[in-house]
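Engineer: Please work out how this folds:
(one chain, ligands or ions: 3)
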Amino acid sequence: MALAATPLYADHLATLQSRTATALERGGFDHLVIPSGTLHYQVFDDRDYPYAVNPQFKHWLPLDRNPGSWLVATPGARPRLIYLQPRDYWHVVPQAPEGYWVEHFDIVVIGKPEEAMAHLPKNAQRCAILGEAQSALGKYAAFRPNNPQPVLDYLEYHRAFKTPYEIEMLREATRRGVRAHRAAERAFRAGAGEFGIHLAYCQAAGQDANELPYSNIVALNEHGAVLHYTQLDRLPPKPVRSFLLDAGASHGGYACDITRTHARDTGGEFQALVDAVDAAQQRMCAQVRAGVDYRRLHLDAHLALAGILDESGIITVSPEEAVATGVSSAFFPHGIGHGLGLQVHEVAGFAASDHGGTIPKPEGHPYLRLTRVLEPGFVVTIEPGLYFIDMLLEDLKTAGRSGSVDWDRVDALRPYGGIRIEDNVVCTTGEPANLTREGFAAA
Ligand code: GLY
Ligand code: MN
Ligand code: MN
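Structural biologist: Ligands and ions are numbered 1, 2, ... in the order given. I've put the predicted structure just below:
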């Protein structure tokens, strides 16, 4: 793999080592210990849920299907990987460790989870152990994660600053996602239903539902108005009018998060609305610059989207009034985006500092997931949308705002559900890098 030939990964690890040293100092610990996590079982059943790796673990190495492994980072020493390779003929067990990352670790292979104990630091009291409670080892529940707040605060705050290695991982995830988005659009144009489109997506991504970073949102017609629609109808509706696809892909533990909206009739008024949102979205992406308060981007997006509602005759009041009276929120009822990385909704979106604290959301905007000031290395989504959601439109009427809306226009557009356009954008010291647009341009 190309990354093996570059120093990017070594630099990434050096950054994590340096962050770890400070984090441990803050918490008064000597070692950082991270279990990869364990399998979870369904209640009264022997079926396990899809395994989800501890994000703290996959920050260090691109392993996302190795439950029962442990990472130990001690300042001044090579990181140690305790790698579980169970003796098991029921399941496929992890291969012997291989890849560009291997040479950077002291690796111990174990055959049973409890054997990890012998290779962990001698004194658990001196360890910051980050993970879920059930990662504790053996019948004495040794090395039970203690998740010290100062250590978590420090590491999670700095997770927002992606290393060049991480940006490449996100770029690769995006390539995969874009390829699958293209295949899904072809399936839509060929008349497939939501389930068929989903399968075409997975096929092109080379990932099944459990490998994707989140459940695909494949929404035809009115389903586009359900923000997290994951139902997947088996048959296409008649007629098919519109298609909203919010779907990502994973690469080495990193996620992309992409949304596109398509009109069946590419010459009609819904397409015109999609084009207007798309153009506004690109202007918003251009604002992903160091020093910009992400809350400002969100509030500006309301005004821009209200401008589109005004121009397309959906509202009867000025964009400014629509924003001030909450009318824009009925059509754009979610945040402009969030941080992205090891998690689709990256942690610490509200972190005031690496010592903790919270930056509040703007009043009246409860769904914004990122309130920090952008800095070079941040990767964020920009995902404005316009939807025709019956529940929220009814609320507008109840609130006495009926006169702010042209209901005939709403009735004409309601059958199309909604529009969202979502890109993944890197904040740099200069122009932002839009990984998604780059991906579509190259595909
Ligand atoms: N795919 C979920 C989101 O866009 O945040
Ligand atoms: Mn998103
Ligand atoms: Mn999304």
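
Engineer: What segments of this protein are strands?
Structural biologist: Along the chain, counting by DSSP state E, strands occupy 31-35, 70-73, 80-84, 106-110, 127-129, 217-220, 242-251, 254-263, 379-382, 385-387, 418-420, 423-426, 433-434.

Engineer: With mean neighbour count and distance to H365 added, can I get those in TSV?
Structural biologist: The C-beta positions use only the backbone N, C-alpha and C, and glycine is treated the same way. Formatted as TSV, these follow (neighbours: other C-beta atoms under 10 Å; distance: least, C-beta to C-beta, whole Å):
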stretch	mean neighbour count	distance to H365
strand 31-35	26	34
strand 70-73	24	38
strand 80-84	23	42
strand 106-110	16	47
strand 127-129	25	34
strand 217-220	26	22
strand 242-251	26	20
strand 254-263	24	20
strand 379-382	26	16
strand 385-387	24	14
strand 418-420	27	17
strand 423-426	26	20
strand 433-434	18	24
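
Engineer: nearest to R176, of those?
Structural biologist: strand 242-251 (3.8 Å; C-beta to C-beta).

Engineer: For the stretch 151-300 of the chain, what lies in contact range of ligand 2?
Structural biologist: Contacts of the stretch 151-300 of the chain with ligand 2, taken as C-beta under 5 Å from the ion, map to D257.

Engineer: Could I get the full set of helices for the stretch 151-300 of the chain?
Structural biologist: With DSSP state H, counting those that start in this stretch as the criterion, the stretch 151-300 of the chain has helices at 164-189, 194-205, 269-285, 294-311.

Engineer: Would you mind giving those helices as a markdown table with mean neighbour count, distance to ligand 3 and mean pLDDT added?
Structural biologist: Output for the helices of the stretch 151-300 of the chain, formatted as a markdown table (neighbours: other C-beta atoms under 10 Å; distance: least, C-beta to the ion, whole Å; pLDDT from 0 to 100):
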| stretch | mean neighbour count | distance to ligand 3 | mean pLDDT |
| --- | --- | --- | --- |
| helix 164-189 | 22 | 10 | 98 |
| helix 194-205 | 21 | 13 | 98 |
| helix 269-285 | 18 | 13 | 98 |
| helix 294-311 | 21 | 15 | 98 |
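
Engineer: how about CSV for those, with distance to P94 added?
Structural biologist: Below are the helices of the stretch 151-300 of the chain laid out as CSV (distance: least, C-beta to C-beta, whole Å):
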stretch, distance to P94
helix 164-189, 20
helix 194-205, 22
helix 269-285, 39
helix 294-311, 38
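
Engineer: now those helices in TSV, with distance to ligand 1?
Structural biologist: Below are the helices of the stretch 151-300 of the chain laid out as TSV (distance: least, C-beta to the nearest ligand atom, whole Å):
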stretch	distance to ligand 1
helix 164-189	11
helix 194-205	13
helix 269-285	13
helix 294-311	13
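
Engineer: closest to F440 out of those?
Structural biologist: Checking the helices of the stretch 151-300 of the chain against F440 by C-beta to C-beta gives helix 164-189 as the closest, at 5.5 Å.

Engineer: Closest residue of the stretch 101-250 of the chain to ligand 3?
Structural biologist: Residue nearest to ligand 3 within the stretch 101-250 of the chain (C-beta to the ion): D246, separated by 4.0 Å.
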